[in-house]
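Q: coordinates for the following, if possible.
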Amino acid sequence: MRRTLLACSLALLTTLAHAGQAEPPETDWLQLMPPSDRKALEEMPDIVHNTPEAAGTFTKKGGLKQNDKKLPPVMYSTKTVAELAGKQIRLGGYPVPLANDAKGRVTEFFLVPYPGACIHVPPPPPNQIVLVRYPKGLKIGDIYNPLWVTGTLKVETVSNDMADAAYAMDDAKVRAVQDSDL
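A: Take a look at the predicted model:
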């Protein structure tokens, strides 16, 4: 009986502590990669940016898709971290708009770890791209302004003409990063 009361008290205190938090703590992008991918990324040779896309001249389809087949395998990795599936996270990143509603609000976008990922070469690996489905819609004036996205992370492979992603979030909370957040 005493153990049951103690367990219930601890559960209540934990619930109250989390109820006071408006958002979960920030998840680092590298936490979305399994340790083997993080190690491979750290050991990867420098990437050469002397492709037509690097100068802003796009000669082939692709967007965020990884087209340079000479890159190390980690740059194509869809390996995920199973423990993150179904976990409530807060991730800071930059939007790559995919779909808009009739009012011009973005309802679906890829969240990426650095600004301009849709034009930089090479793009992030799929396990560093999260598809965010946001039916409420969001006005995005500048893709170089970072966002906080809070929600339940799903391990879901998504592939379209723009990119391959290894994670997704539905009905997340999305807000602009404020100076007070930094």
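Q: tell me the contacts of Ser77?
A: With contacts defined as C-beta atoms under 8 Å, 6 or more residues apart in numbering, the neighbours of Ser77 are 33, 37, 40, 125-127, 166. No exception for glycine: its C-beta is placed from N, CA and C like everyone else's.
Q: what sits against the nearest residue to it once chain neighbours are set aside?
A: Once its chain neighbours are removed from consideration, Ser77 has its nearest residue in Pro125; the separation is 4.8 Å (C-beta to C-beta, 6 or more residues apart in numbering). With contact taken as C-beta under 8 Å, 6+ apart, Pro125 is in contact with 33, 37, 66, 74-78.
Q: out of those, what pair is the most spread apart?
A: Met33 and Gln66 (15.0 Å; C-beta to C-beta).
Q: okay, these two: which has more neighbours?
A: Ranked by neighbour count (other C-beta atoms under 10 Å), Met33 and Gln66 place Met33 first, with 22 against 18.
Q: for that one, list the residues it contacts.
A: For Met33, the contacting residues are 41, 77, 79, 81, 125, 127-128, by C-beta under 8 Å, 6+ apart.
Q: could you dump those residues into TSV and include secondary structure and distance to Asp171?
A: As requested, the contacts of Met33 are exported to TSV (DSSP: H, G, I helix; E, B strand; the rest coil; distance: C-beta to C-beta, whole Å):
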residue	secondary structure	distance to Asp171
Leu41	helix	31
Ser77	coil	27
Lys79	coil	26
Val81	coil	22
Pro125	coil	25
Asn127	helix	22
Gln128	helix	22
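Q: and those, which is closest to Ala22?
A: Using C-beta to C-beta as the measure, the one of the contacts of Met33 that approaches Ala22 most closely is Val81, at 24.6 Å.
Q: which residues touch the closest residue to the closest one other than its chain neighbours?
A: Nearest residue to Val81, sequence neighbours excluded (C-beta to C-beta, 6+ apart): Pro34, at 5.7 Å. The contact partners of Pro34, taken as C-beta under 8 Å, 6+ apart, are 79-81, 127.
Q: buried among these? Make that a ChimeraX selection.
A: Buried members of the contacts of Pro34, identified by 16 or more other C-beta atoms under 10 Å, are gathered into one ChimeraX selection as follows:
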select :79,80,81,127
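Q: give me the number of residues near the closest residue to Asp164 other than its chain neighbours?
A: What sits nearest to Asp164 in space, not counting adjacent residues and going by C-beta to C-beta, 6+ apart, is Pro126, at 4.2 Å. The local packing count at Pro126 equals 24, with neighbours defined by other C-beta under 10 Å.
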